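Q: just the structure for this:
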Amino acid sequence: MSSAIRQIPLDTITHHHAHDFHQIVIGLSGQADFEIEGLGGATSAFSGCIVPANHVHYYAGHGDNHQLILDLPGDALSLTGYHHDLSRLFDAPRFFTLDDPLKRYRDFLLQELRLLSSRGPIDPVHHERLACTLLGSLHARLAHATPPRGRRLDLAALDRYIDRHLGSPLRVADLASAACLSEAHFTERFRAQTGLSPWQYVIRRRLESAHRLLLQSHLPLSEIAALTGFTNQSALSRAFRRAFGHSPSQLRQAGGPQLKTIAPGR
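A: Next up, the predicted model:
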């Protein structure tokens, strides 16, 4: 599969799926809501989200909306070889806002696609070139963002907030509001203080809670998944296996052996 760049409206009815390729969604007009493995947020004009491969995500547009979508297989030219570092963009889902240079590049990209499509089918290699420039620019901004100075976050208070809402879709905007910060400043400060993205931290909190419930209760896996904010039992099992190396059912069958510590990046 080659990379593909397309422009579509999103249905106003909520849908969900997962796919074996990465995806970047950038709003062109209107708004759309996303929840990516428990991380919630929205896209609008000049803001977007990163959806790593095999991550279950829910999405719905609001009214008249239009989105620019990049579909990027793991072996895309823009993610391999000389550009392999760009694949780090997809280590975890996140939301972002385009700065002025990226806004201008987004407009150029749209004009270039219109020009090329007027001449016939677009060469897939040109999609790769356009995608590579966007990915490189995003990587330069998101990987090396300078954290803002200011007071330290009250992680104990955030833990209490997360635990109270563990079974509900949690958005970065919700955590930022609880910390009385803008979403962008909260995300940067949170990563600087914890070494994790808010999504990675919430997933860790959910896995820790699921671990306790698996050992201390006889609840079915489907109910534990619902209580800890996973979209379904399969989503819980996938995340659990990635973090611990074995499934929730294997933990129970073994009678609760001590699990290895969740790695910081998970």
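Q: what's near enough to touch the residue nearest to the spatial centre of the chain?
A: The centre of the chain sits closest to Pro93, judged by Cα atoms, centre = their mean, with a distance of 1.6 Å. Contacts for Pro93 were tallied using Cβ atoms under 8 Å, 6 or more residues apart in numbering; they are 36-37, 39, 49-52, 55, 57, 199. Any C-beta I mention is one placed from the backbone N, CA and C, and that applies to glycine too.
Q: switch the cut-off to 10 Å
A: 23, 34-39, 41, 49-52, 55, 57, 197, 199-200, 203 (Cβ atoms under 10 Å, 6 or more residues apart in numbering).
Q: before we move on, what about His165?
A: By Cβ under 10 Å, 6+ apart, the neighbours of His165 are 171, 174-175, 178, 202, 229.
Q: so of the residues you listed, which ones are in strands?
A: Arg171 (DSSP state E).
Q: farthest-apart pair in the contacts of His165, please.
A: Ala178 and Gly229 (15.9 Å; Cβ to Cβ).
Q: so the two - more neighbours on which side?
A: Neighbour totals were compared for Ala178 and Gly229, and Gly229 leads with 24 against 18 (other Cβ atoms under 10 Å).
Q: phi and psi next, for that one.
A: phi 90, psi 10 (degrees, to the nearest 10).
Q: quick one: pLDDT of it?
A: pLDDT, Gly229: 91.
Q: what do you get for Leu116?
A: pLDDT recorded at Leu116 is 88.
Q: which helix or strand contains it?
A: Using DSSP states H and E, Leu116 maps to helix 100-117.
Q: and Ala184, by the same measure?
A: helix 183-194.
Q: for that helix, name the packing helices and strands.
A: Where contact means 3 or more Cβ pairs under 10 Å, 6 or more residues apart in numbering; DSSP states H and E, helix 183-194 is packed against strand 94-97, helix 155-164, helix 172-178, helix 198-216.
Q: what about it, average pLDDT?
A: Mean pLDDT, computed over helix 183-194, is 83.
Q: quick one, it and helix 155-164 angle?
A: Angle, helix 183-194 to helix 155-164, by axes from the mean of the first three to the mean of the last three Cα atoms, to 10 degrees: 110 degrees.
Q: alpha carbons of helix 183-194, as CSV, please.
A: The C-alpha trace of helix 183-194 is given here as CSV (Å, rounded to 0.1, in the frame of the first residue of the first chain):
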residue,chain,number,x,y,z
GLU,A,183,-4.5,22.3,26.1
ALA,A,184,-1.2,23.0,24.4
HIS,A,185,0.6,24.3,27.5
PHE,A,186,-0.8,21.4,29.6
THR,A,187,0.5,18.8,27.1
GLU,A,188,4.0,20.3,26.9
ARG,A,189,4.3,20.8,30.7
PHE,A,190,2.9,17.3,31.4
ARG,A,191,5.5,15.7,29.1
ALA,A,192,8.3,17.8,30.6
GLN,A,193,7.3,16.8,34.1
THR,A,194,6.5,13.1,33.6
